[in-house]
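[1] Give me a 3D structure for the following:
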Amino acid sequence: MTFKPYANEADVLTIGRLTIENRLDRITISGDIDLTADQAGLAGARDLHRLLGDVVKHLEARQDLPKQLPPPTVETVDNPFA
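    Residues are numbered from 1 along each chain as shown. All right, here's what the predicted structure looks like:
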């Protein structure tokens, strides 16, 4: 899958046990990853490096970056199964 940072609200990428979620105004990274001293660790490190490089490249190219975004709006809804 091609993960283009800040392109949509749908893409999700997994690296190790990290979950990277695409948003229009933020990238959310949760979970953990062990970058072990072996081929698997090297592959994970390269994937993570590539992803973060793409994020930095995208942000550096923007001329209109605000100083800081407000936190995302969180909405609580009633449980439809209760």
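[2] hey, let's count contacts and neighbours off CA atoms from now on
    Will do.
[3] so which helix or strand takes in residue 40?
    helix 39-61 (DSSP states H and E).
[4] what about that helix, average pLDDT?
    Helix 39-61 shows an average pLDDT of 97 in the prediction.
[5] what does stretch 66-73 give?
    Rounded mean pLDDT across stretch 66-73 is 89.
[6] i'd like the first residue to be 832 from this point on
    From this message on, residue numbering opens at 832, which makes the last subject stretch 897-904.
[7] hmm, who's touching it?
    The contact list for stretch 897-904 (Cα atoms under 8 Å, 6 or more residues apart in numbering) is empty.
[8] Could you report the separation of residue 835 from residue 847?
    19 Å (Cα to Cα, to the nearest Å).
[9] Who has more neighbours out of those two?
    Shown here are residue 835 and residue 847; by other Cα atoms under 10 Å, residue 847 has more neighbours (18 against 13).
[10] Let me see the contact set for the more buried one.
    Here residue 847 is in contact with 863, 864, 865, 875 (criterion: Cα under 8 Å, 6+ apart).
[11] what's near enough to touch the last one?
    It refers to residue 875. 846, 847, 866.
[12] Could you do the second one as well?
    When contacts are counted by Cα under 8 Å, 6+ apart, residue 864 touches 846, 847, 848, 849.
[13] so which of these is the most crowded?
    Going by other Cα under 10 Å, residue 847 tops those with 18 neighbours.
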